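Student: Structural data only, the sequence is not supplied:
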């Protein structure tokens with residue numbers, strides 16, 4: 001997490017890392033990376049948290065190939081890499 005925070009701060013983006021137990025204390029709209037794995041999105045939606053998501057272009061492009069499991073997805077990895085080189 002510290003590496004991501006440092007990268008954002010290098011781009012003059014003010015960041016704060018909070019403990020999960022403090023997340024419900026957020027009263028204002030916040031920005032966060034879209035939770036791509038696990039039950040994180042369900043947690044955010046269930047607790048009515050005001051989080052506006054930031055999306056990486058790599059993720060947005062790759063999601064179109066994520067519909068039939070990893071073994072199908074891996075066939076598209078060369079195309080994805082070529083697109084972002």
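Tutor: Arrived safely, thanks for sending. For clarity, every value in this text was computed on a predicted model and none was experimentally measured.
Student: contacts, neighbours, all on C-alpha from now
Tutor: OK.
Student: Around residue 76, how many other residues sit close by?
Tutor: 13 (other CA atoms under 10 Å).
Student: need the contact list for it.
Tutor: For residue 76, the contact set (CA atoms under 8 Å, 6 or more residues apart in numbering) comprises residue 65.
Student: so where is the protein shaky, pLDDT-wise?
Tutor: 1 (pLDDT under 70).
Student: Okay, helices next: where are they in it?
Tutor: Secondary structure of the chain (DSSP state H): helices located at 2-10, 40-46, 57-62, 70-73, 77-83.
Student: Quick check: which of the ones you listed is nearest to residue 20?
Tutor: Closest of the helices of the chain to residue 20 is helix 40-46, at 10.7 Å (criterion: CA to CA).
Student: Identify the residues contacting the closest one?
Tutor: 35, 51.
Student: Any idea how far that helix is from the middle of the chain?
Tutor: Centroid separation for helix 40-46 versus its chain: 13 Å, with CA atoms, centre = their mean, to the nearest Å.
Student: residues in contact with the residue of the chain positioned farthest from its centre?
Tutor: Distance from the centre of the chain peaks at residue 75, with 23.1 Å (CA atoms, centre = their mean). Contacts of residue 75 were listed using CA under 8 Å, 6+ apart, and none were found.
Student: out of everything not next to it in sequence, what's closest to residue 84?
Tutor: Nearest non-adjacent residue to residue 84, counting by CA to CA, 6 or more residues apart in numbering: residue 58, 7.4 Å away.
Student: between the helices of the chain, which gets nearest to residue 25?
Tutor: Residue 25 lies closest to helix 40-46 among these, at 12.8 Å (CA to CA).
Student: that older thread, can I get the helices of the chain in CSV with distance to residue 19?
Tutor: Formatted as CSV, the helices of the chain follow (distance: least, CA to CA, whole Å):
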stretch, distance to residue 19
helix 2-10, 13
helix 40-46, 14
helix 57-62, 25
helix 70-73, 31
helix 77-83, 34
